[in-house]
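Undergrad: Fold the following.
(2 chains)
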2 protein chains.
Amino acid sequence: MTTTNARVAVLSVGDELVLGQIDDSNARWLAQELQAIGAMPGERRTVADDRDALAAAIRALAATHTAIVMTGGLGPTLDDLTRDALGDVVDPGAPLVEDAAGVEHLRGWFERRGRAMPASNLRQAMRPRAARLLDNPNGTAPGIAARCGACEVFCLPGPPNEMKPMFSSFVAPALRDEQRVVLTAALHTIGLGESLIGEQLGELMQRGREPSVGTTASNGIVTIRIRATGAPDAARAALDASIAACSARVGAIIYGRDGEPLAAVVGRMLAERGLTLATAESCTGGMLGAMVTEVAGSSAWYSGGFVTYANERKIADLGVRASTLDAHGAVSHETAIEMARGCLARTNASVAISTTGIAGPGGGSDAKPVGAVYIAVALRAGAVYSRRFHFPGDRATVRSRTAHLALACARFALLGEPERALLWSESEAVRVERA
Amino acid sequence: MTTTNARVAVLSVGDELVLGQIDDSNARWLAQELQAIGAMPGERRTVADDRDALAAAIRALAATHTAIVMTGGLGPTLDDLTRDALGDVVDPGAPLVEDAAGVEHLRGWFERRGRAMPASNLRQAMRPRAARLLDNPNGTAPGIAARCGACEVFCLPGPPNEMKPMFSSFVAPALRDEQRVVLTAALHTIGLGESLIGEQLGELMQRGREPSVGTTASNGIVTIRIRATGAPDAARAALDASIAACSARVGAIIYGRDGEPLAAVVGRMLAERGLTLATAESCTGGMLGAMVTEVAGSSAWYSGGFVTYANERKIADLGVRASTLDAHGAVSHETAIEMARGCLARTNASVAISTTGIAGPGGGSDAKPVGAVYIAVALRAGAVYSRRFHFPGDRATVRSRTAHLALACARFALLGEPERALLWSESEAVRVERA
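TA: Take a look at the predicted model:
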């Protein structure tokens, strides 16, 4: 591993983690963020809600690391012991003190919500005498920072929506290394397998190459990850050159960068052209609309849609013909196409996407097994394209793949490549003129 | 944590884990399997491919645990250092020895596959003098077991398909305790703060109580976690008694157990009564429908819904009056109520849920800040209830809380408590007769 200035341990606190009741997604996120600011993740430990064990872990990690980022154990209940354990290490034998600003924060938090503050929440304003509280804009639990010998200890709350902004506000500025940076870029693709992308990248993926280029796959999205290390200007130039090289080889299948959601990319394309979108969902049951409206500002290009889970709703809300459902079934090119057309007819959107499929676990047949899904995209100014996919995996996977590929189909339709070959696609696109 | 016979540390080895490049799914699996055999997971550590750091971790964990299960670092390459680190601890200064049976295993492995054995693979037959190899039927890397003082150390390969059967063959028989099991239960709640639930549970949460009772909060759901240790029958009885005690104190705010989704609970209630649901979503944009249809078999009680993100869709699809939108705005009791009523009018569902709010980051005002959300539940056989909530957090949090609380509101309406006080609720429920 590369040696850098700051070597940072990650210490996760909680019985539920040690017992494997929940995933420790914070630890992995922290490892990645630490690298992004030029720090190097050191040891990772997970310790139960046990004051002595926590204090021992803080002591041991402080002796071998520049900093410790702890998460969890800052709640208001008796099994939240991070405050006490930190006190045992940095100010042994002394009681915790009540932080006046922390009490203010708690009172304000509850006041703004018109709720009475339970007395137990006052525990959250306690800190070791030598420590300082860190403001938490998204929850009641303030963080705590303290020196332990040469090591800076940051205690952050466990809920990711509270922890992540506090990392950015307090930990990142303290540990960022301006001389030696680790710059990363992520190029996201959907619709091509990881091994094919690997072949296209070729020797760019060679071990030991600097910047390094690797691929990861998650939820159907294959991400090309590039990492450049060095002085800021040199690392930036090397990173940009590698981004260009990867993009040249992999092409338009790359839809976005650095966590940009596919829905945001589609939304930007729509907004640039003054177009709007509506959705007609069966097997995704609202998931496609949810992905679209996850994008802040999506109301500029998304008016809404229809969750037509039952056939009666497909007929009543989208004008799908009963005869079509009888002759071809709800899971068919014909139904997908009528759903998308009906969605255009009932709204004034310029583009409509429809989904209908067998998400499982039940409902499959030989002709239409679990995972068989039809996605249609209708352009008011053009044709309707429907294609059949077969997605492997369980109900959640089939639904998630469907929603993602529906957006990918819309993107390629907007790019003028509505029949672009895509992974999991089982057929040529069926094209019907005049949406 | 409770003391049991075997307290077992889990030590995961590898740069890729420390750097957050892959998830450590082994550690969570091991924590669960250890409990299933009556052992108690102790500390969990993740250490890079660094011989000295590994040796230090083994030494420290051996001093405080009955056993250590290590995974990873047994491959054939130079960065696989588990063997060497274990030797440094159990037989310091002595070289590793080549295990004759291990060499046989490797030769046989490659022979059966008609491949020549790379010389580097011979490293995998090396072990500390005082250790023994563990057979790996699914890969080249044998495991290693050794005593380290009073602690038994098991080193298993990292790939889950190799590690899991070896855990069952070697670790489970050595650590299984027939006399003493660990049983757990999780009771899920939504709509009451963690601190208030803690107060209601009172001395049930006292540290050291057996069974232990703790709480965790995630995504607005507060979970009561109960753990009973002891002889199988006694532990079961103690667990059941504690479940009953917690349920008696916290009451109907508990909606489900052991990972059961809130949508599945609402679905079961609907199905039992022969009722069906439809949804009318604005700020959740389809998320509520997606949560509902995540439940396999939901088509029995969910017909579909409307994503009416734009006002024009609220008017066209749900019959919300333009005058209502003009007078009160889209984010209001009046609109939420007309959305829910319109949803009943346009479908034949027995229950309709509507959501409308300011998810942010933009769009807030003094009267209706980001996080202000109205949720209405309309019962065809009864009244419509609307209430205003204020959810803290970012866009994703506000939307997720809204979808969860919408289901919670529907559940309490079905329980005959439509005006039940709920966390984040800012007002009394507004009741309108005749849905």
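Undergrad: ok now stretch A:414-425, how far from the chain's centre?
TA: 24 Å (CA atoms, centre = their mean, to the nearest Å).
Undergrad: Regarding that stretch, how distant is the last residue from the first?
TA: Using CA to CA, to the nearest Å, the end-to-end distance of stretch A:414-425 comes to 18 Å.
Undergrad: contact partners of it?
TA: The contact list for stretch A:414-425 (CB atoms under 8 Å, 6 or more residues apart in numbering or on different chains) reads A:191-193, A:252, A:266, A:269-270, A:273, A:275, A:351, A:377, A:383, A:385, A:387-392, A:401, A:405, A:408-409, A:412, A:428-429, A:431. Every residue, glycine included, has its C-beta placed from N, CA and C.
Undergrad: and if we set it to 6 Å?
TA: With contact meaning CB atoms under 6 Å, 6 or more residues apart in numbering or on different chains, stretch A:414-425 is reached by A:191-193, A:269, A:385, A:387, A:389, A:391, A:412, A:429.
Undergrad: same check, this time on stretch A:190-208
TA: A:213, A:215, A:217, A:220-222, A:245, A:249-250, A:253, A:404, A:408, A:422-423.
Undergrad: Can I have the buried ones of the residues you listed as a PyMOL selection?
TA: Applying 16 or more other CB atoms under 10 Å in any protein chain shown to these, the buried members can be selected in PyMOL as follows:
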select buried, chain A and resi 213+215+220+221+222+245+250+253+404+408+422+423
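Undergrad: Just the contacts of stretch A:190-208: which are in helices?
TA: A:245, A:249-250, A:404, A:408 (DSSP state H).
Undergrad: can I get the residues you listed in a markdown table with distance to residue A:109?
TA: Listed next are the ones in helices among the contacts of stretch A:190-208 as a markdown table, based on distance: CB to CB, whole Å:
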| residue | distance to residue A:109 |
| --- | --- |
| A:245 | 49 |
| A:249 | 51 |
| A:250 | 47 |
| A:404 | 37 |
| A:408 | 42 |
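Undergrad: picking up where we left off before, quick one: which of the contacts of stretch A:190-208 has the lowest pLDDT value?
TA: Within the contacts of stretch A:190-208, pLDDT reaches its minimum at residue A:217, with 75.
Undergrad: And for that one, nearest residue in space, chain neighbours not counted?
TA: Residue nearest to residue A:217 in three dimensions, not counting chain neighbours: residue A:194, with 4.7 Å by CB to CB, 6 or more residues apart in numbering or on different chains.
Undergrad: So which residues on the stretch 251-400 of chain A come close to chain B?
TA: A:285-287, A:289-290, A:293, A:296, A:299, A:302-305, A:307-310, A:313, A:361, A:395 (CB under 6 Å from any CB of the partner chain).
Undergrad: Filter those residues down to just the buried residues.
TA: By 16+ other CB under 10 Å, those give A:285-287, A:289-290, A:293, A:296, A:299, A:302-305, A:307-310, A:313, A:395 as buried.
Undergrad: re earlier: could you dump the contacts of stretch A:414-425 to a markdown table with neighbour count?
TA: Formatted as a markdown table, the contacts of stretch A:414-425 follow (neighbours: other CB atoms under 10 Å in any protein chain shown):
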| residue | neighbour count |
| --- | --- |
| A:191 | 22 |
| A:192 | 17 |
| A:193 | 13 |
| A:269 | 17 |
| A:385 | 26 |
| A:387 | 25 |
| A:389 | 23 |
| A:391 | 24 |
| A:412 | 22 |
| A:429 | 23 |
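Undergrad: Just those residues: which are in helices?
TA: Reading helices off the contacts of stretch A:414-425 with DSSP H, I get A:269, A:412.
Undergrad: re earlier: and for the residue nearest to residue A:217, the neighbour number?
TA: Using other CB atoms under 10 Å in any protein chain shown, residue A:194 is surrounded by 15 other residues.
Undergrad: And stretch A:319-329, what's buried?
TA: A:320, A:324-325.
Undergrad: Out of these, flag the one nearest to residue A:64.
TA: Nearest to residue A:64 among the buried residues of stretch A:319-329 is residue A:320, at 65.0 Å by CB to CB.
Undergrad: need the contact list for that closest one.
TA: Here residue A:320 is in contact with A:314, A:335, A:338-339 (CB under 6 Å, 6+ apart).
Undergrad: can you check residue A:242 too?
TA: Counting by CB under 6 Å, 6+ apart, residue A:242 makes contact with A:211, A:226.
Undergrad: Tell me the spacing between it and residue A:261.
TA: Noted for residue A:242: a distance of 23 Å to residue A:261, by CB to CB, to the nearest Å.
Undergrad: what kind of secondary structure is residue A:369 in?
TA: Secondary structure assignment for residue A:369 (DSSP: H, G, I helix; E, B strand; the rest coil): coil.
Undergrad: Please tell me the pLDDT value assigned to the closest residue to it other than its chain neighbours.
TA: Distance criterion CB to CB, 6+ apart; nearest residue to residue A:369, sequence neighbours excluded, is residue A:358 at 6.8 Å. pLDDT recorded at residue A:358 is 97.
Undergrad: Surely residue A:358 and residue A:373 touch.
TA: No: assessed by CB atoms under 6 Å, residue A:358 is found out of contact with residue A:373, at 7.3 Å.
Undergrad: Between these two, point out the one with more neighbours.
TA: Neighbours per residue (other CB under 10 Å) separate residue A:358 from residue A:373, with residue A:373 holding more: 29 against 22.
Undergrad: count of neighbours near residue A:430?
TA: 17.
Undergrad: my read: it touches residue A:333, true?
TA: Yes: at 4.8 Å, residue A:430 and residue A:333 qualify as touching, with contact defined as CB under 6 Å.
Undergrad: which sections of chain A are below the confidence cut-off?
TA: A:1-5, A:435 (pLDDT under 70).
Undergrad: returning to that earlier point: identify, from the buried residues of stretch A:319-329, the entry nearest to chain B.
TA: residue A:320 (12.2 Å; CB to the nearest CB).
Undergrad: Make sure that closest one is indeed in a helix.
TA: No: the assignment for residue A:320 by three-state DSSP gives coil, which leaves it out of any helix.
Undergrad: give me phi/psi at it?
TA: Dihedral angles of residue A:320 (phi, psi; degrees, to the nearest 10) stand at phi -60, psi 140.
Undergrad: returning to that earlier point: out of the contacts of residue A:320, give me the one that has the most neighbours.
TA: Most surrounded of the contacts of residue A:320: other CB under 10 Å gives residue A:339, at 32 neighbours.
Undergrad: Tell me the spacing between that residue and chain B.
TA: Distance of residue A:339 to chain B, computed by CB to the nearest CB, to the nearest Å: 12 Å.
Undergrad: Ok, residue A:124 next?
TA: Using CB to the nearest CB, residue A:124 is found at 9 Å from chain B.
Undergrad: Check residue A:45 too.
TA: The gap separating residue A:45 from chain B is 5 Å, by CB to the nearest CB.
Undergrad: Report the beta-bridge partner residues of that residue.
TA: Following DSSP bridges, residue A:45 is listed with bridge partners residue A:11, residue B:45.
Undergrad: returning to that earlier point: tell me which of the ones in helices among the contacts of stretch A:190-208 is nearest to chain B?
TA: Distance to chain B across the ones in helices among the contacts of stretch A:190-208 (CB to the nearest CB) is lowest for residue A:404, with 13.2 Å.
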